[in-house]
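Novice: with the input below, show me the fold.
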Amino acid sequence: MDHTALYALLATLGTWAVTALGAATVIFFKYPSQKIMNLTLGFASGVMISAAYWSLLAPAIEKAEGASLPPYAVVTLGFLFGGIFMWGTDKIISLIRRKENTQSRAEISKRNRIFMSVFSITLHNIPEGLAIGVAFGALQHQMTPEGMMGAATLALGIGLQNFPEGAAVSLPLRREGYSRKKSFLIGQSSGIVEPIAGVLGAILVVFSEAILPYALAFAAGAMILVAVHELIPECQSEREKHPYLATMGILFGFAAMMLLDVMLG
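Specialist: Residues are numbered from 1 along each chain as shown. All right, here's what the predicted structure looks like:
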């Protein structure tokens, strides 16, 4: 296996492990502290937004020099496609959930409700795994500290987002009467597609250097959408109680990532 594909596999195994950790809340806790979760997710949001430019978009612009299209067009297309790809996946999930919500409890069995919940989160994890794989696959053509940091940051941000997703599957199952063990096993299974998608994304980039700037911009677009659509709204869930907690997490997360990228660059 190519070493970048191996890195992608290890990174996505890590995001799967965080999903499992989130699912494990059904065994150890009622639910983790919302204050800590908000601060952590806010910090992750800032890190991801910063890394989207310093570690992904800036290198993509540089690598797009000499392409058939102007660099700004290459990077813009890749960035938008990454965001639209994630948005399209989210729309599919929304349609599935809407169909589920229009049916009464008498019309659908407990098994079907569980399947729809697990399937929707599993589907959401496929493009996330692809984005991580693309970021690590790009390292095959130019291994740099900032490139590695950008790929690792994407994996870290998506991994942190997977924590509440794992809990979102296992905790409702427990409320439905399933055992803690079974709730955990079903909850963690929603993240199993990420390692598969991650390796596929890395292999795709490794075998086609021409798509590298598009791929880097794609990963940036995916990163921004995840940060803005998923993490930031989630970390603001108790804004009335702690108005600036998550905001300061975002600020310091952005600053920390920018500092590291500029120092290493």
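
Novice: can you show me the helices along the chain?
Specialist: Remark: helices of the chain, listed N- to C-terminal, are 3-23, 25-28, 34-51, 58-63, 71-101, 110-137, 145-175, 180-189, 193-206, 212-225, 232-235, 245-264; assignment by DSSP state H.

Novice: what pLDDT, on average, does stretch 39-50 get?
Specialist: The predicted model assigns stretch 39-50 a mean pLDDT of 79.

Novice: and the contacts of that stretch?
Specialist: Residues from elsewhere that reach stretch 39-50, judged by Cβ atoms under 8 Å, 6 or more residues apart in numbering: 153-154, 156-157, 160-161, 223-224, 226-228, 231-232, 234-235, 245-258, 261. (Each C-beta comes from the backbone N, C-alpha and C, glycine too.)

Novice: was I right about residue 227 contacting residue 157?
Specialist: Yes: under the criterion of Cβ atoms under 8 Å, residue 227 makes contact with residue 157 at 6.7 Å.

Novice: neighbour count winner among those two?
Specialist: residue 157 (29 against 25; other Cβ atoms under 10 Å).

Novice: what's the neighbour count on the residue nearest to the more buried one when sequence neighbours are not counted?
Specialist: Setting aside the residues directly before and after it, residue 157 is nearest to residue 48 in space (Cβ to Cβ, 6 or more residues apart in numbering), at 4.1 Å. By other Cβ under 10 Å, the residues close to residue 48 number 32.

Novice: same check on residue 128?
Specialist: Residue crowding around residue 128 was assessed by other Cβ under 10 Å; the count is 31.

Novice: report the contact partners of it.
Specialist: If a contact means Cβ under 8 Å, 6+ apart, then residue 128 has 15, 86, 158, 161, 194, 197, 222, 226 as its contacts.

Novice: counting neighbours, which of those comes out on top?
Specialist: residue 194 (33 neighbours).
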